[in-house]
Each structure stands twice: as structure tokens, then as C-alpha cells.
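Engineer: show me how the following folds:
(chains A and B)
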Amino acid sequence: MSDTTTTTSTPGAVQTTGHAWDGDLQEFNNPLPRWWLWSFYATVVFAVFYWFAYPAWPFGKTWTKGFTTATYTEGGQSHTMRWNTRSALLEDLDSGSDAKRQRQYLDKIAQTDYAAIAKDPQMVAFVNQAGKRLFETNCSACHGRGGQGVVGLFPNLVDDDWLWGGSYQAIETTLKHGRNGYMPAFGSVLNATQIDDVANYVLSLSGVVPSSEASARGQKIFTGATGGCYMCHGDDGKGIKSMGAANLTDKIWTIANVPAAQSPADKLAAVRAVIGNGVQNVRKMPAWGERLSAAEIKLMAVYVHQLGGGQ
Amino acid sequence: MRHEHIEVNSGLMIALVLAVISIGGLVEIVPLYFINDTVEKVDGVRPYTPLELRGRDIYVREGCFLCHSQMIRPFRDEWLRYGHYSLAAESKYDHPFQWGSKRTGPDLARVGNKFSNQWHVQHLVKPTSVVPESIMPNYPWLLDTELDYTDVADRMKALRYTGVPYSLTQAEYEKNVKDFGKVVADQLDISQAKDNLMKQARTFNYDGLPDRVTEMEALVAYLQVLGTMVDFSKYDEGYFANFR
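Structural biologist: Model (predicted):
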């Protein structure tokens, strides 16, 4: 504080505002740099230009709309309208450089049939890149980032075992309309021994347990009217794709977590639980037909197909 | 008036500071109440059903808005990731709205129908069980806690005072029938609130527990309706742009 008096008294040094508090507390009065001041005036002038160019001042029930415009295509027609954030978005979606580049590929995918897409390395590269993004945004929350799924909840898309079919067409239908596997609960239809028998039979189909008397009894239930399992899973237990009914003869499980069960008794319990409770309106694959465009669905079908076991 | 007068008179200074900083807000907000086109005219937007409303309360109570916005902005990247940008009309019955500005997690404005009920339950109980890298907290108590809906009618009455068309009188009910159709109007009838809540919970069983109505039930019902009310295929995009 001692040099305050020296600064105020030296000619040419920074001025103070002139008043002192508590005897010696003073404030410097630095003028703004010239360049700063002129930049400030320039922004004021720009603001006036902005009022005329863009939507700005409200008055009454409306507002000044500005003279800038945005151009976009809708319904095959080019429209030009006053600029606002929404019309600017439409212009960006329509003729922004990224949008245009992406659309080139998407249009090509929309026009090319599946077999030809898979043979064209350029398109496959695009599918892999764009498909990865779309998959992470829309699918990985359920099917996992790599498509490996969660046993019991969401099927694995990487293997070659399909509930609903692994052809391009079947995958496209799955994506567009969604799926919802249904299996009735047999807990109140079959008694405990019968469920035990049929579970034994199911496990014997893939060789998890050897054939036994129990599994032979189970086979009768499976292929007969008592259980009626064959109506969905087929006489041979290989599954019927149009029903989304699982193939029970392979070693791949989507609901009953048989591989994780340690003892044969636990494996049996896992299968018994599925048979007893059925699959009631919970395993729902959402429909993407409204969220994704037709070209994006096609792209995703190719992406999922090449993740592993497309057929 | 000299500068010094203001600086040494804190009462006056407070009043003047308030006046100056309120200009920005007044100029931006007040005109919106008078401009005809602030809220787009679209079909389909309706107030929440009693069950969805309780779900919304739980959403607010648990602070989901601290990590999730519900406002898709009109930019291409958001359009590609989340879908159609949010309309003002879509939150016209929200008091308070849940637009938010913090996106630790994804925007939820169009999360309705994107996932299954089963996924939501699984995810809310333990997010890492379906998204291993998730940093979202676990909310296991939602599935254990029975939903308290004793006061759902009072909650609807409170919103009615703010202008949400929940109906108390026959005349209000009939107006709702005209505006929304009978099915929705019944849902908005305050005197049927508890029955409607139970009925919706039983029919859709959002939490997967057939004989219980949990807080999870309400929250999932709310999440599943977000962003689904407007059928965008019915409108030209230029139509919405005309409102701005």
C-alpha cells in the first residue's frame, strides 16, 4: 500500500479513480486497450446485421424472421424457406457434405441385392464401419458390444445357431418387425416326474446326459400329445425357425444356462425351469422398422450376417 | 446519479443488478408466452396415465435427470443417434420438464419402445449385467418396493392446477373425450385414477412380477412412453420448421 501515493503522483502513470477508502485504499483506472474497444464496437455492428439476417426480435404474436434461407428436399421437391435451426438441420441432412457422402453408400446398399453387397469389398468396408456404430447405438445394450449376447436374456448373434433364421431375408424380417419368442409354461400341464423325464430327453438330444429310461419316457412326452413339444421344436428337436423355437440338439443354449451349471443335477434344473415357466412374452426383440431407414436395416442385416454365422 | 451513490448503497445496487440481469431472461422467455407458434400443433401428445405419472415422480426422485437429458436438439449427429428432435409440444404437459443439460448417459427423450421391459428391469437393477462398461448406479430397491399410489389422485389434481387437462368434472371429462378420444379421456379422469393405475400395471406387467405393483413397474411404464406419442410419419418435416 505504501507505493499507492507514488503511482498517483507520478505524471504519465496509471490514474486512479480518485477516491480513497479507509484512508489509503485506492482503485486503478486502466483504460481498455484500443483493439479491445474496437472489437467490441464491431460486435455491436455485427449484432445489427444479425437482427436482419436471422430470426431475432419478438413483437406481438410473431417475430422478425430474417432474410437468410435454407434449402432442403422433401417429397422429391426442393423447398427453400427462411432460416431457423430446424430448416438448417433439414439442409444439413439433405446437402451437408457428410450426409451426402453417407447417402451415396446407403443408396447403393438400398439398390444392391445382398449377395452382391457381400462380394463388393468397398461396400463391405462401409457396412463394417457404419454397422458398428449403428450396432453400438441400438443393439449392444442387449446383444453385447461384440454381439455375444447374455445367456438367458439376449441371444448370441456371433454363432451360427439361429432361433429365427440366419439368412439375409430372415435377419431383415427380424430387424424390421421385431421378434417375441413364445413357449407355454408346462408347470401346470405336466407333473414333476414328467417334466423331469422330458428335461432328461432334451439334455440327451445334445449328449449332455446319456439316454436313459427317463429320457425314453421323455421322448414320448416330447413327440406325443402330452407335451406337444414337437409342434414347435420339431420331431427331431432341431427347432422350427418360423416359431423361433430353439434347436435343442446342438450344444448351444440361449435360455437354459446349461454350460454354466456345474453338476448334472443343476443342468437338469436349468432345463426344468424353462419347461416349467415357459417363455412368456418377455424375450422381446424390439422392431426397428420405424427407428431405422430401409437402407439402414439392410445394412444391419449384412452386418449381423457377417458377425459370425450368416446362412 | 453518480457511480459512487450506487456503490455505497447496497440496497440500490441489488435492485439495479437484479433489473439488469433479468433483461436477458425477460427478452428471451416472456415473448414465448405470446407468440402463437411456440408450441407446435401436433396430434397424439397426451398427459401421462396415473401409472406413468408415478413413474415420472420416481424418475425425478431418483435424480435420473442428473445424468440423462430429455431433449434431442436439431443437429444431424443427434438426429442420427436418437431420432427426431424434440418438439416443444412433447413436453407441454411436463411440470417440471425434464430437458436437462447433463449427459453422463444417453438422452432419453425417445427411449420408449427402444428396449424391452425385461431389459429395463435388468438394466435398472444392475446396469453392468447388460452393459458391462456402464457407470450408471444400481437401483435394486425399485423392484423390492411396492408402489405407493394412495395419493395419485392428489398428484393429478395438483397438476390440473398448472393446466394439465386431468378431469374432475363431467364437463372437463367431455372436453377430454373430444380432444383425446374416450380411451385417453378415461385415463385422465381423476376419479378413476387408482383403478386405471392397477389396470395398466396388470395388463402390461412392466416389472415382470405378475402379482405385485412395484416402483419399477411405474418407472418402466414411464420410460416406455417417452417420445412415442407423436407419429412423425404423418407430418412433413417442413411443417415443424415453420414453427421456428
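Engineer: only C-alpha atoms for contact and neighbour calcs from this point on.
Structural biologist: Will do.
Engineer: could you pull out the helices for chain B?
Structural biologist: All helices of chain B, identified by DSSP state H, fall at B:3-8, B:10-34, B:50-61, B:76-82, B:117-125, B:141-144, B:152-161, B:170-180, B:182-187, B:193-204, B:215-225, B:237-241.
Engineer: please tabulate those helices in a markdown table, including the columns distance to residue A:130, mean pLDDT and mean neighbour count.
Structural biologist: Compiled in a markdown table, the helices of chain B are given as follows (distance: least, CA to CA, whole Å; pLDDT from 0 to 100; neighbours: other CA atoms under 10 Å in any protein chain shown):
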| stretch | distance to residue A:130 | mean pLDDT | mean neighbour count |
| --- | --- | --- | --- |
| helix B:3-8 | 61 | 84 | 10 |
| helix B:10-34 | 40 | 91 | 12 |
| helix B:50-61 | 33 | 98 | 21 |
| helix B:76-82 | 11 | 95 | 16 |
| helix B:117-125 | 25 | 96 | 21 |
| helix B:141-144 | 37 | 96 | 17 |
| helix B:152-161 | 44 | 97 | 16 |
| helix B:170-180 | 41 | 97 | 15 |
| helix B:182-187 | 40 | 96 | 18 |
| helix B:193-204 | 35 | 95 | 17 |
| helix B:215-225 | 27 | 97 | 25 |
| helix B:237-241 | 25 | 94 | 16 |
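Engineer: now distance to chain A too, for the ones you listed, in a markdown table please.
Structural biologist: Listed next are the helices of chain B as a markdown table, based on distance: least, CA to the nearest CA, whole Å:
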| stretch | distance to chain A |
| --- | --- |
| helix B:3-8 | 9 |
| helix B:10-34 | 5 |
| helix B:50-61 | 20 |
| helix B:76-82 | 6 |
| helix B:117-125 | 6 |
| helix B:141-144 | 16 |
| helix B:152-161 | 25 |
| helix B:170-180 | 24 |
| helix B:182-187 | 24 |
| helix B:193-204 | 10 |
| helix B:215-225 | 12 |
| helix B:237-241 | 5 |
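Engineer: redo these as JSON lines? Include distance to residue B:102.
Structural biologist: What follows is the helices of chain B, written out as JSON lines (distance: least, CA to CA, whole Å):
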{"stretch": "helix B:3-8", "distance to residue B:102": "37"}
{"stretch": "helix B:10-34", "distance to residue B:102": "21"}
{"stretch": "helix B:50-61", "distance to residue B:102": "14"}
{"stretch": "helix B:76-82", "distance to residue B:102": "15"}
{"stretch": "helix B:117-125", "distance to residue B:102": "19"}
{"stretch": "helix B:141-144", "distance to residue B:102": "23"}
{"stretch": "helix B:152-161", "distance to residue B:102": "26"}
{"stretch": "helix B:170-180", "distance to residue B:102": "33"}
{"stretch": "helix B:182-187", "distance to residue B:102": "32"}
{"stretch": "helix B:193-204", "distance to residue B:102": "31"}
{"stretch": "helix B:215-225", "distance to residue B:102": "18"}
{"stretch": "helix B:237-241", "distance to residue B:102": "26"}
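Engineer: out of these, flag the one nearest residue A:113.
Structural biologist: Closest to residue A:113 of the helices of chain B is helix B:76-82 (CA to CA; 24.4 Å).
Engineer: pLDDT score for the residue in chain A that chain B sits nearest to?
Structural biologist: Using CA to the nearest CA, the single residue of chain A nearest to chain B is residue A:61, 4.1 Å away. The model reports residue A:61 with a pLDDT of 88.
Engineer: count of residues packed around it?
Structural biologist: 13 (other CA atoms under 10 Å in any protein chain shown).
Engineer: show me the contacts for residue A:192.
Structural biologist: Not one residue lies near residue A:192 by CA atoms under 8 Å, 6 or more residues apart in numbering or on different chains.
Engineer: so which of the helices of chain B is nearest residue B:42?
Structural biologist: helix B:237-241 (9.3 Å).
Engineer: and the closest one, what does it pack onto?
Structural biologist: In this structure, helix B:237-241 packs against helix A:85-95, with contacts taken as 3 or more CA pairs under 8 Å, 6 or more residues apart in numbering or on different chains; DSSP states H and E.
Engineer: what's the following helix or strand after the helix it packs on?
Structural biologist: Counting by DSSP states H and E, the element after helix A:85-95 in chain order, helix or strand, is helix A:97-111.
Engineer: now for that following helix, which elements pack on it?
Structural biologist: Contacts defined by 3+ CA pairs under 8 Å, 6+ apart place helix A:97-111 against helix A:85-95, helix A:121-138, helix A:294-307.
Engineer: go through it and flag the buried ones.
Structural biologist: Across helix A:97-111, burial judged by 16 or more other CA atoms under 10 Å in any protein chain shown covers A:103, A:105, A:106, A:109, A:110.
Engineer: chain center to that helix, what's the gap?
Structural biologist: 20 Å (CA atoms, centre = their mean, to the nearest Å).
Engineer: next, the angle helix A:121-138 makes with that helix.
Structural biologist: Between helix A:97-111 and helix A:121-138, the angle comes out at 110 degrees (axes from the mean of the first three to the mean of the last three CA atoms, to 10 degrees).
Engineer: and the average pLDDT for helix A:97-111 is what?
Structural biologist: For helix A:97-111, mean pLDDT is 94.
Engineer: give the rounded mean pLDDT of the helix or strand just after that helix.
Structural biologist: Moving toward the C-terminus from helix A:97-111, the next helix or strand (DSSP H and E) is helix A:114-119. Computed over helix A:114-119, the mean pLDDT rounds to 92.
Engineer: tell me what helix A:114-119 is packed against?
Structural biologist: Counting by 3+ CA pairs under 8 Å, 6+ apart, helix A:114-119 packs on helix A:121-138.
Engineer: is any residue of the helix it packs on near chain B?
Structural biologist: Yes. Judged by CA under 8 Å from any CA of the partner chain, helix A:121-138 comes into contact with chain B at A:137, A:138.
Engineer: could I get the buried residue list for that helix?
Structural biologist: Residues of helix A:121-138 classed as buried under the neighbour-count rule (16+ other CA under 10 Å) are A:123, A:124, A:126, A:127, A:128, A:130, A:131, A:132, A:134, A:135, A:136, A:138.
Engineer: redo those as CSV? Include distance to residue B:232 and pLDDT.
Structural biologist: Listed next are the buried residues of helix A:121-138 as CSV, based on distance: CA to CA, whole Å; pLDDT from 0 to 100:
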residue, distance to residue B:232, pLDDT
A:123, 30, 93
A:124, 32, 93
A:126, 29, 95
A:127, 27, 95
A:128, 29, 94
A:130, 25, 94
A:131, 25, 95
A:132, 27, 95
A:134, 21, 96
A:135, 23, 96
A:136, 24, 94
A:138, 20, 95
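Engineer: who in the stretch 151-300 of chain A is up against chain B?
Structural biologist: Close to chain B, as judged by CA under 8 Å from any CA, the stretch 151-300 of chain A has residues A:282, A:283, A:284, A:285, A:286, A:291.
Engineer: shouldn't the fourth one be in contact with residue B:118?
Structural biologist: No. Under the criterion of CA atoms under 8 Å, residue A:285 lies out of contact with residue B:118, with a separation of 10.4 Å.
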